[in-house]
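Novice: Need the 3D shape of this:
(chains A and B)
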There are 2 protein chains.
Amino acid sequence: MKITAIHEAVAPISSDIRNAYIDFSKMNASVVAVVTDVKRDGKRVVGYGFNSNGRYAQSGLLRERFIPRIMGAASDALINDAGDNLDPHKIWACAMANEKPGGHGERSVAVGVLDMAVWDAVAKIEGKPLYRLLGERYRGGTVDDKVFVYAAGGYYYPGKNVQALQDEMKKYLDLGYSVVKIKIGGESLADDIKRIEAVIKIVGAGKNLAVDANGRFDLKTAIEYARALHPYDLFWYEEAGDPLDYALQAELANVYSGAMATGENLFSMQDARNLIRHGGMRAERDWLQFDCALSYGLVEYLRTLDMLKQNGWSPRRCVPHGGHQMSLNIAAGLGLGGNESYPDVFQPFGGFADGMPIENSYVGMPDVPGVGFEAKEKLYAVMRNLAA
Amino acid sequence: MKITAIHEAVAPISSDIRNAYIDFSKMNASVVAVVTDVKRDGKRVVGYGFNSNGRYAQSGLLRERFIPRIMGAASDALINDAGDNLDPHKIWACAMANEKPGGHGERSVAVGVLDMAVWDAVAKIEGKPLYRLLGERYRGGTVDDKVFVYAAGGYYYPGKNVQALQDEMKKYLDLGYSVVKIKIGGESLADDIKRIEAVIKIVGAGKNLAVDANGRFDLKTAIEYARALHPYDLFWYEEAGDPLDYALQAELANVYSGAMATGENLFSMQDARNLIRHGGMRAERDWLQFDCALSYGLVEYLRTLDMLKQNGWSPRRCVPHGGHQMSLNIAAGLGLGGNESYPDVFQPFGGFADGMPIENSYVGMPDVPGVGFEAKEKLYAVMRNLAA
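Specialist: Presented below is the predicted three-dimensional model:
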């Protein structure tokens, strides 16, 4: 068997939302199709991928380096020993040939989107949902039938007031979420406290509300917020400082006994390992949000999970960033603690299978081969065109 | 005044060399020209830049994000308060608008090449060499008239033997270098020791020889090498382990009392700060090799130098990777400890002004406005075409 073509395109994923660091008015994403010569149900198997959100499309790197390396390799270098399916690990090694160590950004996104498409194809060739394949390969056949998801929203919109924020949160409760997340750090601490108190009125308790500063704070501000947030007993306090400022995170742990979360802007096992080594994160309490689609894909994420295990961390402490079906499959298949969800934004990329209900902040898995893109009509409409 | 156009192209920088991690047979680099409407000596001022070596061209990121952001900005957002020159800091902020924190790779190269071209233009508009401009702006007018440079070579070539390695080193001595560098880690420790002893015969003493493992070793191997290298009292032992494995570097410091060097694969102030905080590097003995062209340019490098100062490090401990004229200007202007030099490879990008002699491993600075590209004929021939 072989890969016959890899197509890529850029799709808008823009929105008028804003977090404490950037606005998303020009955000886009790469979509790729890995076309194989394998047929299932009379049709060739095509794997699809896209690169989550927040880091822009990677057309240049895909076209200049990563797609040519894979398409230039001998087929044997890309498939399993039995010769009947793609080997994601071999394809990864091929894509990363002659890349120097360190410097994990952008290319980690390009490789992540290709890796997603490869795993989609692998599971389709085996004729099963990806999460079941992952459970079989890496977890002795065990899978989770449903995954914890929380509704990430509460962005700063032009002109948005507290009432609109409460209405947004009510909608998430109506959709079946019990845990929600809002942005902080884009306004004053006093204004953010008003927003937090307004949302707690809707969701019932601080333990149902996570807050996200998107890396905006210096140490002094991070600690001011920590002291102000502490009485609310929040679900978590996310990315207080620069994602690479492990010392800040460790200082924060000294003054904040509530749960902390971070990791969405760490794009390799090595960066994740530095957070674990130097960031003061607490394995019984805190949350890790590495997003495979931005971070060299599942092949690298498996290395990260191994590293976590060696350091005494359970995969249940991982709740990936991105709100996409790839991380949802990893969560169900490998036993993560949950997954982000964007009910309102980043469409058609955010969200899960059409018609799959959220109940008590848990979502089930569709019974379709692969990642499940075909069970999400508007997303599949974008993807299908690529391999037409 | 304003920027009227930014052009970019890809130039081959390939070679049949190999280090312990990658081969360079498909290596290339971006070259950019920032065209202004300012005239000097009857010609419009054009600033040029290129992205050092080791990380490939960045056409995609330049075309998709960074050039459009700069060209789409109001001119006032890019020039100084007097309105008579570009402002590299403002241009940097414009280029990095709506980029999330963390993930420092690839885009750091794209921004680095633009930043180099901007500083070249700024110095040309002021009619002086960049190193003099930097001395005036940041060092009270002091500059160094000459800069320590060492000859980086000793790569693994197909079929290359110890005799050829010695011949290469003799050539460097004949050129005026007294300190040279060779690669290690691409063969066995025993073979590398043979190479080291053969080179010491040529350069006279271990203190004239640096060795570079290019991030290849795990902790055990790094320590085995450290013990074997220690008796030779080498100039430095470079990048033993993964560039992000600060804990490995710190462990190495416990067993290696000779000088260590690293940093060429750390591409932001934040990553550099983590090396200083967590890597066990010793301010009186070790060397830092951050390369501005790969790391968001001089605007970011100034932040890194500030961070170093806050942590008790002198700029004299910095000897940048890359062997290019931009870092040479920074070294002379801001008082770094020296600069890498590639007499043999990465042409026409490597090396300094034509005809400028190397004496006792020091090189002088040409008296031409800007970075000095016009004083390096074969490089300028590549650049000039871009703005023709």
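Novice: Quick check, the residue in chain A closest to chain B?
Specialist: A:Gly60 (0.8 Å; C-beta to the nearest C-beta). Backbone N, C-alpha and C define where each C-beta goes, glycine included.
Novice: looking at it, that residue is touching B:Arg65, isn't it?
Specialist: No: checked against C-beta atoms under 8 Å, the pair A:Gly60 and B:Arg65 is beyond contact range at 9.3 Å.
Novice: follow-up on the earlier one: starting at the chain centroid, how far to the one helix or strand the residue of chain A closest to chain B maps to?
Specialist: Secondary structure from DSSP states H and E places A:Gly60 in helix A:59-61. In terms of C-alpha atoms, centre = their mean, to the nearest Å, the centre of helix A:59-61 is found 21 Å from the chain centre.
Novice: downstream neighbour of it in the secondary structure list?
Specialist: helix A:67-71.
Novice: and that next one, how far from the chain's centre?
Specialist: Taking mean C-alpha positions (C-alpha atoms, centre = their mean), helix A:67-71 and its chain are 25 Å apart.
Novice: secondary structure element for A:Glu264?
Specialist: Secondary structure (DSSP H and E) places A:Glu264 outside all helices and strands.
Novice: can you give me the helices for chain A?
Specialist: Per DSSP state H, chain A carries helices over the ranges A:59-61, A:67-71, A:88-95, A:107-126, A:130-138, A:162-175, A:189-203, A:219-229, A:246-255, A:269-278, A:297-310, A:325-334, A:377-386.
Novice: Which among these is found nearest to A:Ser14?
Specialist: helix A:377-386 (14.1 Å; C-beta to C-beta).
Novice: Show me the shaky parts of chain A.
Specialist: Scanning chain A for pLDDT under 70 picks out A:16.
Novice: and the longest strand for chain A?
Specialist: strand A:28-40 (DSSP state E).
Novice: Name the residues of it that come out as buried.
Specialist: A:28-36, A:38 (16 or more other C-beta atoms under 10 Å in any protein chain shown).
Novice: could those residues go into TSV alongside distance to chain B?
Specialist: Output for the buried residues of strand A:28-40, formatted as TSV (distance: C-beta to the nearest C-beta, whole Å):
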residue	distance to chain B
A:Asn28	9
A:Ala29	12
A:Ser30	10
A:Val31	15
A:Val32	14
A:Ala33	19
A:Val34	20
A:Val35	22
A:Thr36	26
A:Val38	30
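Novice: Need the helices of chain A in JSON lines (columns: distance to B:Tyr256).
Specialist: Formatted as JSON lines, those follow (distance: least, C-beta to C-beta, whole Å):
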{"stretch": "helix A:59-61", "distance to B:Tyr256": "37"}
{"stretch": "helix A:67-71", "distance to B:Tyr256": "36"}
{"stretch": "helix A:88-95", "distance to B:Tyr256": "31"}
{"stretch": "helix A:107-126", "distance to B:Tyr256": "31"}
{"stretch": "helix A:130-138", "distance to B:Tyr256": "38"}
{"stretch": "helix A:162-175", "distance to B:Tyr256": "55"}
{"stretch": "helix A:189-203", "distance to B:Tyr256": "47"}
{"stretch": "helix A:219-229", "distance to B:Tyr256": "33"}
{"stretch": "helix A:246-255", "distance to B:Tyr256": "24"}
{"stretch": "helix A:269-278", "distance to B:Tyr256": "20"}
{"stretch": "helix A:297-310", "distance to B:Tyr256": "25"}
{"stretch": "helix A:325-334", "distance to B:Tyr256": "39"}
{"stretch": "helix A:377-386", "distance to B:Tyr256": "52"}
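Novice: will you turn the ones you listed into JSON lines that also has distance to B:Asp174 and mean neighbour count?
Specialist: Shown next, in JSON lines, are the helices of chain A (distance: least, C-beta to C-beta, whole Å; neighbours: other C-beta atoms under 10 Å in any protein chain shown):
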{"stretch": "helix A:59-61", "distance to B:Asp174": "41", "mean neighbour count": "22"}
{"stretch": "helix A:67-71", "distance to B:Asp174": "40", "mean neighbour count": "18"}
{"stretch": "helix A:88-95", "distance to B:Asp174": "42", "mean neighbour count": "20"}
{"stretch": "helix A:107-126", "distance to B:Asp174": "40", "mean neighbour count": "28"}
{"stretch": "helix A:130-138", "distance to B:Asp174": "58", "mean neighbour count": "20"}
{"stretch": "helix A:162-175", "distance to B:Asp174": "72", "mean neighbour count": "16"}
{"stretch": "helix A:189-203", "distance to B:Asp174": "66", "mean neighbour count": "17"}
{"stretch": "helix A:219-229", "distance to B:Asp174": "53", "mean neighbour count": "17"}
{"stretch": "helix A:246-255", "distance to B:Asp174": "47", "mean neighbour count": "18"}
{"stretch": "helix A:269-278", "distance to B:Asp174": "41", "mean neighbour count": "22"}
{"stretch": "helix A:297-310", "distance to B:Asp174": "46", "mean neighbour count": "20"}
{"stretch": "helix A:325-334", "distance to B:Asp174": "57", "mean neighbour count": "27"}
{"stretch": "helix A:377-386", "distance to B:Asp174": "57", "mean neighbour count": "16"}
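Novice: Quick one: closest of those helices to A:Lys2.
Specialist: helix A:67-71 (10.0 Å).
Novice: That closest one close to chain B?
Specialist: No: Helix A:67-71 stays clear of chain B (C-beta under 8 Å from any C-beta of the partner chain), getting no nearer than 9.1 Å.
Novice: what's next to that helix, contact-wise?
Specialist: Residues outside helix A:67-71 that contact it (C-beta atoms under 8 Å, 6 or more residues apart in numbering or on different chains) are A:3, A:5-6, A:8, A:78, A:91, A:94-95, A:97, A:114.
Novice: swap in stretch A:295-311?
Specialist: Defining contact as C-beta under 8 Å, 6+ apart, one finds that stretch A:295-311 is touched by A:88-89, A:92, A:96, A:104, A:108, A:111-116, A:118-119, A:138, A:266-269, A:272-273, A:276-277, A:283, A:288, A:290, A:292, A:314-315, A:317-318, A:326, A:330, A:334.
Novice: Break chain A into its domains for me.
Specialist: If you go by automatic domain parsing, the domain ranges for chain A are A:3-127, A:137-386.
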